[in-house]
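Novice: The following comprises the amino acid sequence and a computationally predicted model.
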Amino acid sequence: MLPRSAIRPGFLLVFGRELRWLKRRPLLVVLTTVLPLALMGLLMLVFSQGLATRLHIGVLDLDGSDLSRTIVRTVDATADDAVAVRVADLAEGRQKILSGEVSGLLMIPENLERDVFAGRRPEVVFFYNTQMLTTGNLVLRGVSAAVPSVAAGIRLSLRTAQGQPIEAARSSLSPIPVQTHPLFNPTMNYIYFLLAATLPTVLQIIIVTSSTYSAAMDFETNHRLRILRRLGGGLWPAFLGKIVPYTFVYLAVLGTADAVMFGVLGLPLHGSRGLLLLAGVLFMLSCQMLGTLLALVVHPMSSAIGIGALLTSPAFGFMGIGFPRMGMSMFAYSWGACLPGTWYLTARIDQIVRGTPADLSMKPILILAGFVVGLTGLVALKLESIRSATDRRRLSPPSAPPSAQMVEVAP
Amino acid sequence: MSGIFGVMTTALRNVFTVRPAFTTMILAVIVYAALYPQPYLNEALRNVPIIVVDHDGTASSRDLIRRIDATPDVAVAMTQPDMVSAERAVHAREVSGILVIPQYFERDVLHGRASPIALYADASYFLIYQRVSGAVNGVARTMGAEVEAARLIGAGVDTGLATAASDPMPLTAIALFNPQGGYATYVLPAALILILQQTLLIGVGLIETSTNSPAQKQQEPQAGAIQTLLGKWLAYLIIETPAFVLYLIILPYLCGIPRLGPFIWVLVLAVPFILAVSGLAMAVAAAMRDPLAVQLALAACGLPFFLLAGFAWPNEAIPEGVKMFAIFIPSTSAIDGIVRVSQMGAMLSDVRSQVLTLWGLALLYGAIAVAINARRAAGYRAALARSATVAD
């Protein structure tokens, strides 16, 4: 035991106390650091195949002609689709879709070849499962590339048979071709996007709940708050000493995950490193402040943590990762705007994927800074009001009736 | 038998008296029901803004712009004279695509040459890219087919034959189960099942970790390990029934999501699902013993669990090892099975493997919970016996 005079109250004392506290709780440290990284690793494994290719479809070939076999071969040759089964009738095809064996069924009608060359425009029908939207769209992409390309061959031969020169015939196949350039993502690979977007979602939950917990440990009762104030030699150094160690911990987690993404996976970083880091720090501070505020306003601690989880768990949808925010209703759009994660994600996509010029990337970063300032202000107001209330009570005569908070302080 | 009911009533009481558990299992279930569907209620992206750089400025180019603007998918937000200012607008997220119509667009069309247009679409968000490129390509194709037919007719080909020659073998794509390709119809049935799992998982985990102090253990009804498990299972089945009715019948109805399968068949999957999830929660709680750890660990797992279910990402593209791991999460089989039965109208025979997996998981996690409980009870009795001998 150190003599009392050897203990120097201040930022460092609270900082060290917080670190020792973490050291005694290895499970919590594992959950706040290793868990998000492990989840990231798991998702990297899930998406490790890169693009989803050769998804299974079924074929119902009622024609059995050269043309129908060409169509089936062409569809099977696309990167998206693989012809997994041939079915005898529609009922069997339906059953295969329902059981999940295939995601689509290509139906080639009877007499297709005869009718095509007679100019009767027979239809090739493709049934695809849009309940699983991603898979459904992918299998459709393969078929809608393959069938028109077979049709183009027929159109070409119809023209050349009429005596048109091949160049003229070819250019008349598609009078207005569209040269489509996917901006910011030339390979149309969404894995990096998903990985880059998942981490903020998971971190937001972990930072808000664990900050609520850590803050509630010291802020839950006025008695503990006084001890903290003494240790820190004032409210503000004490407060900083409590917040900063966690900022470092979370930064290490984020840094490790990003190092793996940029270093090991080779994800290109198109924008500025500095802005990405700045946005990350601001995001963490605003989540920490949100957690601290919850701990101050909501009692008991378990309810505060519950509300923190309640706010952050459904954030994935509101942050616009799957369904973009521009398509949302006014309420959902505004709700999303109130989450720090939304703006961090915007800044992250701006810097990692889009390479937005610096002057245009300031908006989300400034909003995050606004979150930090606003939430810190609210926390400060609440802390000051608690302090002045405590001081008033201490000055008031002991005969005054005890308030509810006094009862809470009593052992 | 009375042991089972004793355990059941205690477990039911715990749901309402353990405050964080009540927050998760009752309050959160109600709040999420209102909150969670909100981002998706518009179903589809409409009128995605794009910018047009028209270097041609002719009747044909303006006709093309009008037709693109008239599609439900995109809206022409502005026209710009040059690419530089258009690119800035994309970076600033004011628009999501740039359509460039080159000079001599009309002249080349009339000449009978190919007259290309260029589309630069924002591909950082998948849905936006899909909308923009789909709309522009569709309009260009339609307009191209008209041009081609007009040329053939001009060359003296019969009208019917001209249309046939420009499109001899049309492809008809029929979207099943979600005909409008709506995002809510796609994501909600699966996400709601995941919410049910997460709230039950965290709730039971919190009850189990909050009520395991020796003082509370003494108040618990005396019952064997298997009886305890059955009693708790019964309690959670009762608690979850209204939640499942709300999430699987009322909410989809309110959100206008089509449903093909009878609810009674969904129950065949829902019952083992609830048993498996609460069994898993008991096992996790026994391993972690700390309410905060349970809350942190399980809340963070929600999104990864969803991506593992083979719903958002095609099952064929998930590595085998990961799939083996995902089998042990109840939501994987439950989402697949319940969505197939209720949204797609699958027969129970089509989802036999999912039903069997869920029952297998229920038995596995139930057995683990029983084993841990039995060991704890033995340890507790031993401690009691020791303290009794000390007292003697």
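Specialist: Arrived safely. Residues are numbered from 1 along each chain as shown, chains lettered A, B, ... in the order given.
Novice: counting residues per helix, which one in the chain is longest?
Specialist: By default, I'm working from chain A. helix A:362-395 (DSSP state H).
Novice: could you do chain B instead?
Specialist: For chain B, the helix with the greatest residue count under DSSP H is helix B:352-391.
Novice: Please work out the average pLDDT along that one.
Specialist: Throughout helix B:352-391, pLDDT has a mean value of 83.
Novice: That helix - contacts with which helices or strands?
Specialist: helix B:225-245, helix B:263-288, helix B:330-338 (3 or more C-beta pairs under 8 Å, 6 or more residues apart in numbering or on different chains; DSSP states H and E). C-betas here are computed from N, CA, C, even on glycine.
Novice: Return the set of buried residues in the longest one.
Specialist: Judged by neighbour count (16 or more other C-beta atoms under 10 Å in any protein chain shown), helix B:263-288 contains these buried residues: B:265-286, B:288.
Novice: returning to that earlier point: report the rounded mean pLDDT for the longest helix of chain A.
Specialist: Rounded mean pLDDT across helix A:362-395 is 86.
Novice: now swap in stretch B:191-210 and tell me
Specialist: 90.
Novice: Spell out which residues belonging to the stretch 201-350 of chain A are near chain B, please.
Specialist: Taking C-beta under 8 Å from any C-beta of the partner chain as the contact definition, the stretch 201-350 of chain A meets chain B at A:201-202, A:205-206, A:209-210, A:213, A:300, A:302-303, A:305-307, A:309-310, A:312-314, A:316-318, A:320, A:322-329, A:331-332, A:335-336, A:349.
Novice: Okay, and which of the residues you listed map to helices?
Specialist: Using DSSP H to define helices, the subset of these located there is A:201-202, A:205-206, A:209-210, A:213, A:302-303, A:305-307, A:309-310, A:312, A:316-318, A:331-332, A:335-336, A:349.
Novice: what sits up against stretch B:160-173?
Specialist: Residues from elsewhere that reach stretch B:160-173, judged by C-beta atoms under 8 Å, 6 or more residues apart in numbering or on different chains: A:112, A:116, A:119-126, A:128, A:140, A:143-144, A:147-148, A:150-151, A:154-155, A:158-159, B:145, B:148-149, B:152-153, B:157.
Novice: of those residues, buried ones?
Specialist: Buried residues within the contacts of stretch B:160-173, counting neighbours by 16+ other C-beta under 10 Å: A:112, A:116, A:122, A:124-126, A:128, A:140, A:143-144, A:147-148, A:150-151, A:154-155, A:158-159, B:145, B:148-149, B:152, B:157.
Novice: Take the residues you listed and keep only those in strands.
Specialist: Residues of the buried ones among the contacts of stretch B:160-173 located in strands (DSSP state E): A:124-126, A:128.
Novice: one step back: just checking, what packs against the longest helix of chain A?
Specialist: Packing contacts for helix A:362-395, counted by 3+ C-beta pairs under 8 Å, 6+ apart, involve helix A:222-232, helix A:235-259, helix A:273-297, helix A:340-349.
Novice: got the angle for the last one vs helix A:235-259?
Specialist: Pointing back at helix A:340-349 there. 40 degrees (axes from the mean of the first three to the mean of the last three C-alpha atoms, to 10 degrees).
Novice: distance between helix A:340-349 and the chain's centre?
Specialist: A distance of 9 Å separates the centroid of the chain from that of helix A:340-349, by C-alpha atoms, centre = their mean, to the nearest Å.
Novice: In the chain, what helix or strand scores lowest on average pLDDT?
Specialist: You didn't say which chain, so I picked chain A. The helix or strand of chain A with the poorest confidence is helix A:404-409; it has a mean of 36 (mean pLDDT, DSSP states H and E).
Novice: hmm, I had chain B in mind actually
Specialist: Lowest by mean pLDDT, DSSP H and E among the helices and strands of chain B is helix B:214-219, with a mean of 56.
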